[in-house]
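*Asks:* here is my input; please provide its structure:
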Amino acid sequence: MQIMHDKGLLARDESRRSHVYRPTLPAEKTQRQLVADLLDRAFEGSAEKLVMQALSAKQVSAEELAQIRALLDEIESLSRKT
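*Replies:* Next up is the predicted model:
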């Protein structure tokens, strides 16, 4: 918790004997920051390597695969427009 506090991910209320922590950012923004950091540190900035490892790490449901395909289609469609 201290490390997350130091990184600005958590705020700490020290007014009580036990410290109370709360997130400083919405979950989605925190997740994006953590993934970006992981991408740089563990995967040499390669989104392909990250995705391949994520998909091979555990069983992916048909619903999850459909959501992933829809997202890829959306991204591909947007990249064609630019």
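*Asks:* burial count for residue 8?
*Replies:* As a burial measure, residue 8 scores 11 neighbours (other CB atoms under 10 Å). In this view, the C-beta of every residue, glycine as well, is placed from N, C-alpha and C.
*Asks:* just residue 4 next, same as before
*Replies:* 15.
*Asks:* quick one: which helix or strand includes it?
*Replies:* Using DSSP states H and E, residue 4 maps to helix 2-6.
*Asks:* what's the very next helix or strand once past that helix packed up against?
*Replies:* Counting by DSSP H and E, the next helix or strand C-terminal to helix 2-6 is strand 10-13. Contact here means 3 or more CB pairs under 8 Å, 6 or more residues apart in numbering; DSSP states H and E; on that basis strand 10-13 packs against helix 2-6, strand 20-23.
*Asks:* ok, residues contacting whichever strand or helix holds residue 69?
*Replies:* Using DSSP H and E, residue 69 sits in helix 62-81. With CB atoms under 8 Å, 6 or more residues apart in numbering as the test, helix 62-81 has contacts from 55, 60.
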